[in-house]
Each structure stands twice: as C-alpha cells, then as structure tokens.
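Student: Provided below are the primary sequence and the corresponding predicted coordinates.
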Amino acid sequence: MTIKLIDVNAGYRGKTVIDHITAVFDNRVLLLGPNGAGKTTLFRAIAGIADIYSGTILIDGIDVNKASAMTRLLALNLPEVYRLLPIDCYRLLRLYMDIMDGDFDYALNIIENFGLSRQRLREKKLWELSAGQQKVFTTVATIASKSRNMLFDEPLEQLDPSKKVKLLSILTSIEGPNTVIVATHETWFMNRLAEWSAYIMFRGKIVGPLPARDLAEMRIVKGYYRDAITTIDTEVGKISLVPPGVGEGKPLTDLISLDKLYEMLI
Amino acid sequence: MPTLYLAYRVRSLILNPSVIAWSILFVLFWVFMWIYVFGNELASFKGEVWYESAVKSYVAVMYSSLGIVSMGSVAVALTGSNAVMASSIRYVTRFTRLTSTRLLIEDLSASILVFSTVTATIVASSILLSWHRYGVLVVPEKPLPLVIVLLMLGLFFYLLSIVMTRLILLFAGAKILQTALTMMPLAMSFIPYALLFTKTSEFIAYAYPPIALQALAIEATSGIEVPPTGIVVSLREATVSKHLEYHVNLATTLVSYLVWITGLALIAVLLSKRIKAVHPEELMI
C-alpha cells in the first residue's frame, strides 16, 4: 500500500502550492509543517480535489486522475469530502459508509463514545457541529471506511485534551498493511509517534523520510548551515534544520507548534 | 440497486426551505390568486353554455404555467446545492461506488422525482381549489401526454441547473455573477408565463421550447388546441369566434427541444473541462 508522488506540481485556480514534490508514502507517516506549508493541499491533490498541473500521483499504482469507483483505496478526513448532500450527520454517515463500503455501526459507536449522541447527529448538519466534533466525525468516517490508504489532516485539532488522547489511541491502533498519513503542525507528535517515518514540509516543498524520533532531535538555527538536512528560505529569512551536535540551536520539539518557527527570525 | 444517495437527495430537496418556500408555498399563493382574485369574475358566469369549457381552459392555463415556475424554483435549489457539493464530487466519483455515470443517473432520477412531486402538488391543489370555487372538476383530458411534457420540462430545467452550476464554479469569486446565475432558472421559467398574455411571433415560442411545451401542457389538460403564445388572449377571442387561429406545432417543438437539450448537455461537458476545483469558502451563494 503506497502513495507515490512523481514531480507533482499542484494548487488551485492556476496558483502553485505544491512545488515539484517527489515522495513515496507507505506504512505509517507523520507529515509535519507549519500552517500554510501545503499539507492540506497535498492531501487534496492526492484525493484529486486540487488541480494537478504536472507530475503523477499513484495510489497503489493507480493514477489518481484515472481512478473511478475505487472503493477502499483512499479515504481522508477533509470536511469538503463530506459535503455531498446538506443532510443531518446521522444520514450523512450512513450515506458515506454506504458508498465507501465502510462500517456504519463501527463508526456510529466510536462517534457516540466521543459524546455525540444519535439524537444530536440526527438534529445537526456537519457544519452545525463544533470544529472539534466535525473533526471527530470526519476522522472516524475515514477510519471506518477501512481504506488501504488513509490521510488525516490535523486530526486532533480543536479537541479537548482527553479526547485528543482517545482519538490518537484509535488512530495508532489502526491495523493492517495500510498507509496512514497524519499531517500536523504540533511537534509533540514526533515523540508520541517516534516509530513512524516523518516528512517535514515548508512552502510547498517536502524533506524526508527520516524516523520521527530522529526528527524530534533536530535543532533549528537561523540562516544557512552547511551540514543542515534542509534550509528553509522564508519571506523573512533563512532557517536551517541541523542534527544534534552540529550547531547551537533550539530543539525542534521546543517549538510546540511549527507555526512558531517564523518567530525565531523576529 | 441505487445507493443511499438517491433517497437522501430526494429528501434533502423536498425538505429544502427554498423549495418549500418558492416552489410550493409561493406558487400556491399564485394558484389562490388566480382562482379567488383574478378568476373571480369567471364564477359569475355559472350556468352559461360555455362555462365549463371556459373553467377548464382557465385552470389548465393556470396550472401548466405555474407548474413551470415551480420547476424553475426547484432548479434554483439544485443550482445552489450542486455548487456546494462540487469538491465532494471530485473525491466521491474516484474513490466510492458513485461513479460519474451512476451519480448522474441517481441525481437526475432524484431531481425528476422532485420536479414531479412539486408539480403534482401544484396540479392537485389547482384541481381541488378550482373545484371548490367553480364547481367544475378539471382533470387532465390527456394525462399521459401531460406527464411526458412535464418530464421533458423537468429534464430541461435539470440540465439548465447543471450548466448554471458550472458557470458559477467558473466565475467563483464574483458575487454578483454567482447570485445572478443561481436565480437564472427562475427568471427563465417566468418567460413562458409572461407570454401567456402576449402574442408574439412563432419563432420566439420555438426558439425557447418551454414556451411551446407550456402550450402542449395546456392542450393535454384542457383538450383544446392552443397557440404557443398569447394563449389567454386567444382563448378569450375563441369564446366569441369559436375558432383559434393556429395551434402549437408538435414537430417543431420537439426539434427545438432536442436542439436545446443537446446544446445544454454539450455546454455542461465543455464547461466541466474548464472549471477548476472550487472550495466551499470561495462560493458566496
């Protein structure tokens, strides 16, 4: 089960967001990057939602642009995927489990465990739920689809701490030889998912893979550094990511959120 | 076997507040106005030889034309909802059982079912209210042709809504254009209504087939052959002269209809190749 990107250039309405990315994602992958790095657009491109200007995306060897009725090949937790009909969440879940060949009872059971009762699901449309509840709904629907490739964009965002732990435990317990990619800007994931392979993404470009454990030990230094694994050229200056012992810098995990990376340049 | 999409699409359209307000309640208001206000004088002729025939043609004109307005309102709801679901469709047609063809078939079936339900509500209400006001039960003289004409109109407005949706996606970001395009099916459904009262050249009636189809629906309901435009005026004159100058030409109507349906389908396909992915946040409808 692999997702292979070959020199992919993608974006929206003529604007490039994903800049010539080549990568192979398989097994368990952590995709790190600050907001605006292009993580969501990368997921949209893999799902065929964003425009692919050049390059090829292969999911288990199938070109995403030629995919049709490929149930259980790919699922993701982006809310725009679940906007097929403006109906209540209960029926929306039934609809998606029906067309995805997913497990409705399993999904409903997990969602109810997150405090969303059947009654509430019947009363509310997806956009009427809180941001955290929407995240639970779309993430659980993705898991319940039992797809061979699953993409989770910021799955724990907007959730309270206890629900974060609960959902992460469900995510990490996904079994099978499938590909699971979790995109996030929160650095603590590197320690929690230390066994996963990690990619880091900035301004539409990607670096990796390397073990999440190793990435967690990386340090950030201002400016260009010769032995850096990557140097990011931002609008406000350069930042380099260096292995421990190579240079004096702040540990990557100290940032908590990768959004704070830019604050280092102020 | 259809997916749950078909049943849920029908449900969401029927319960759509815009469909309930504009396609049913608003049109029922006009049914009421036609019967109890505009047609008040007609009731005073009860007992005349021509009374029953006059009521039949009056009610036929009313529900055929208002039925088209109702369909136009449903098409507005379809246009808006189609635009919002555009990004889901890109994913769904690739990675679920709903292929593009299956989605089109289920969506068309659901829409036609809703067009039929809404039109049947208008027709049934018109028959009941007119029976209450005039004491004449106006059941369609030729029900099968009437159903066929209404289905043809349903397909026309369905394709029109698809084209409008794709134009909206093409012009995403331009609020005025988006709003105008969303309401376009309703505006277009009023053209046949307006031409009930005005005689124009035959060319106009066949250039825009809902006008001629409206006349065919009136013929099927009343059993009286009518011209394509100025129907109300012609029926009044015929009460005196007992003769209608000319009536709608079925063959020309069918040719015009087929040209439009083919044209709309082609435009929809051509636009689908030009439109880019639009995210719901970009849509201001």
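Tutor: Looks like it came in fine. Only a predicted model underlies this, so the values are computations on that prediction, with no experimental measurement involved.
Student: Tell me the residues of the stretch 1-150 of chain A that contact chain B?
Tutor: A:12-14, A:44, A:47-51, A:64, A:67-71, A:73-76, A:80-87, A:91, A:94-96, A:98-101, A:147 (C-beta under 8 Å from any C-beta of the partner chain). Heads up, the C-betas are built off the backbone N, CA and C, glycines and all.
Student: Tell me how far stretch B:44-56 lies from the chain's centre.
Tutor: 29 Å (C-alpha atoms, centre = their mean, to the nearest Å).
Student: Please point out which parts of stretch A:255-266 sit buried.
Tutor: Going by neighbour count (16 or more other C-beta atoms under 10 Å in any protein chain shown), the buried part of stretch A:255-266 is A:Leu255, A:Leu258, A:Leu261, A:Tyr262, A:Met264.
Student: For ChimeraX, write a command that selects the buried ones of the residues of the stretch 1-150 of chain A next to chain B.
Tutor: Only the buried entries of the residues of the stretch 1-150 of chain A next to chain B go into this ChimeraX selection, using 16+ other C-beta under 10 Å:
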select /A:12,44,47,48,49,50,51,64,67,69,70,71,73,74,75,76,80,81,82,83,84,85,86,87,91,94,95,96,98,99,100,147
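Student: Any stretches of chain A with poor pLDDT?
Tutor: Scanning chain A for pLDDT under 70 picks out A:247, A:265-266.
Student: Other residues contacting the longest helix along it?
Tutor: Determined from DSSP state H, the single longest helix within chain A is helix A:131-144. Residues outside helix A:131-144 that contact it (C-beta atoms under 8 Å, 6 or more residues apart in numbering or on different chains) are A:75-79, A:81-82, A:89, A:93, A:96-97, A:100, A:102-104, A:106-107, A:110-111, A:114, A:116, A:126-127, A:129, A:150-152, A:154-160, A:163, A:167, A:170-171, A:174.
Student: same thing with stretch A:159-179?
Tutor: A:1-3, A:25-29, A:110, A:113-114, A:132, A:135-136, A:139-140, A:143, A:147-150, A:152, A:155-156, A:180, A:182, A:192-193.
Student: Can I get the buried part of the residues you listed as one ChimeraX selection?
Tutor: Restricted to buried positions by 16+ other C-beta under 10 Å, the ChimeraX selection for these reads:
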select /A:1,3,25,26,28,29,110,114,132,135,136,139,140,143,147,148,149,150,152,155,156,180,182,193
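Student: Among the contacts of stretch A:159-179, name the ones in helices.
Tutor: A:Ile110, A:Asn113, A:Gly132, A:Lys135, A:Val136, A:Thr139, A:Val140, A:Ile143, A:Arg192.
Student: of all the residues you listed, which comes closest to B:Tyr208?
Tutor: A:Lys135 (48.7 Å; C-beta to C-beta).
Student: roughly how far apart are that closest one and B:Ile176?
Tutor: 35 Å (C-beta to C-beta, to the nearest Å).
Student: Show the contacting residues for residue 193.
Tutor: If you meant another chain, say so; for now it's chain A. Counting by C-beta under 8 Å, 6+ apart, A:Leu193 has contacts A:Arg28, A:Leu30, A:Thr172, A:Val182, A:Ala212.
Student: ah, no, chain B please
Tutor: Neighbours of B:Tyr193 in contact, by C-beta under 8 Å, 6+ apart: B:Ser65, B:Leu66, B:Ile68, B:Val69.
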